[in-house]
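K.L.:
would you be able to build a 3D model of this:
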Amino acid sequence: MVKIDWRVRRVAQALFTAWAVTTLSFVLVRLLPGNPMGAMVRKLQRQGVNPARAREIVNLRMSVNPSEPIPIAYVHYMANMIQGNLGVSTYYADPVAQIIANTLPWTLFVLSWSLFISFFIGVMVGALMAYWEGGKLDVGLTSWAILMGSVPFYVLAFLLLMAFSYRLGWFPTGGKQPTGVPPGFNWPYIKGIIRHAALPVMSMLVASGVASLGMRGNSIRVLGSDYLRVARLRGLSDITISTQYVARNAVLPMYTTLMISIGEMFGGSVVLEKVFQYRGIGYYTLSAFYQRDYPLMMGGFVLITVAVVLALLFADLTYSLIDPRAGGQNSESY
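P.N.:
I've put the predicted structure just below:
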């Protein structure tokens, strides 16, 4: 039997998944009922464009020639994807790659803060719950974690929007940056960006409930360790023991959960950004669906899926570095 390093297997799986998603996007264009490409050609013809020119425009915008046989069109489509040519948005008339490059940083800004804050809260609260297992604090925090983990983020988003934007007026009702303020590294502009991103970030904090419950279970498993008895004999406070000793060792298994959360938040951004009219990649992807902007819709779909694949691949490749105890567990052979 030939032994194959587990890292090679993980990379191969990630590449296969990325290929499958890209192929699926091509199939959606060519084989969906209603023939999106044919509909675009007919729409252009109704506008007075001759058939040859209409097919040429569709080819330029969607990176697929409607008149080519499917196998040849698929090869051209994949070649364009590899080169970063995602076509031209039929609604905005801009290259899809340019739209993604302009909007992705805004989505990453919200997701990075949401992920950091929710993970930090989950780790700290989970350690406290485990340290006082069975006590009133544990019962109260467990109830809070279950509630947070059960509430869909978009429900919390609507509640926050109605309460803090429309009723109290503390935060903007939509947008991603302040109006009337020149963009740049100045406090009024930075403060405006933070105010616009505050409610989307708060909506994503429902992930802290699931993280708290996971951290609680991991912490309970390490509470009987000898180094904790030594820490108590040294007279360290309960807060210090629970946060610095218990949390430090129980947080390692949470690393994979953290990477999975990246993918979940990327997918959630599609709805969240629409609720707050926060013009990131999720907002444009969902808008492209309603506008039948197939190049932009496919570009956003492929980007979000590839981001999830890369996050999970990164978790697989680096977990043994984070937790040396896992080294060798991933070693498999065919």
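K.L.:
where's the closest residue to residue 89 other than its chain neighbours, which helix or strand?
P.N.:
Computed as C-beta to C-beta, 6 or more residues apart in numbering, the closest residue to residue 89 that is not its neighbour in sequence is residue 296, at 4.5 Å. No exception for glycine: its C-beta is placed from N, CA and C like everyone else's. Using DSSP states H and E, residue 296 sits within helix 294-322.
K.L.:
can you mark which positions in that helix are buried?
P.N.:
By neighbour count on 16 or more other C-beta atoms under 10 Å, the buried set for helix 294-322 is 294-313, 315-316, 319-320.
K.L.:
cool, and stretch 70-87?
P.N.:
73-74, 77, 81, 86-87.
K.L.:
now do stretch 230-237
P.N.:
Residues of stretch 230-237 classed as buried: residue 231 (neighbour count, 16+ other C-beta under 10 Å).
K.L.:
from the chain's centroid, how far away is that stretch?
P.N.:
For stretch 230-237, the separation from the chain centroid amounts to 41 Å (computed by C-alpha atoms, centre = their mean, to the nearest Å).
K.L.:
now do that stretch, average pLDDT.
P.N.:
In this model, stretch 230-237 has a mean pLDDT of 78.
K.L.:
span of that stretch from start to end?
P.N.:
Stretch 230-237 has an end-to-end distance of 12 Å (C-alpha to C-alpha, to the nearest Å).
K.L.:
my read: residue 89 touches residue 288, true?
P.N.:
Yes: the pair formed by residue 89 and residue 288 meets the contact definition of C-beta atoms under 8 Å, at 7.4 Å.
K.L.:
which neighbours do the two share?
P.N.:
Common neighbours of residue 89 and residue 288 are listed as residue 296 (criterion: C-beta atoms under 8 Å, 6 or more residues apart in numbering).
K.L.:
wait, residue 258 sits on residue 114?
P.N.:
No: in this structure residue 258 lies outside contact range of residue 114 using C-beta under 8 Å: 12.0 Å.
K.L.:
so between the two, which is more surrounded?
P.N.:
residue 114 (26 against 19; other C-beta atoms under 10 Å).
K.L.:
which residue sits closest to that one, ignoring its sequence neighbours?
P.N.:
Residue 114's closest residue in space is residue 204 (C-beta to C-beta, 6+ apart), at 3.5 Å.
K.L.:
number of nearby residues for that neighbour?
P.N.:
So residue 204, with other C-beta under 10 Å, has 25 neighbours.
K.L.:
wait, is it part of a helix?
P.N.:
Yes: under DSSP: H, G, I helix; E, B strand; the rest coil, residue 204 sits within a helix.
K.L.:
which residues touch it?
P.N.:
110-111, 114-115, 118, 153, 265, 268, 272.
K.L.:
would you list the buried entries among these?
P.N.:
110-111, 114-115, 118, 153, 265, 268, 272.
K.L.:
got those residues as JSON lines, with distance to residue 141 and secondary structure columns?
P.N.:
As requested, these are exported to JSON lines (distance: C-beta to C-beta, whole Å; DSSP: H, G, I helix; E, B strand; the rest coil):
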{"residue": "110", "distance to residue 141": "26", "secondary structure": "helix"}
{"residue": "111", "distance to residue 141": "25", "secondary structure": "helix"}
{"residue": "114", "distance to residue 141": "20", "secondary structure": "helix"}
{"residue": "115", "distance to residue 141": "21", "secondary structure": "helix"}
{"residue": "118", "distance to residue 141": "15", "secondary structure": "helix"}
{"residue": "153", "distance to residue 141": "20", "secondary structure": "helix"}
{"residue": "265", "distance to residue 141": "23", "secondary structure": "helix"}
{"residue": "268", "distance to residue 141": "24", "secondary structure": "helix"}
{"residue": "272", "distance to residue 141": "26", "secondary structure": "helix"}
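K.L.:
which of those sits closest to residue 144?
P.N.:
residue 118 (13.3 Å; C-beta to C-beta).
K.L.:
quick one: contacts for the closest one?
P.N.:
204-208, 211, 261.
K.L.:
over to residue 50?
P.N.:
With C-beta under 8 Å, 6+ apart, residue 50 has no contacts at all.
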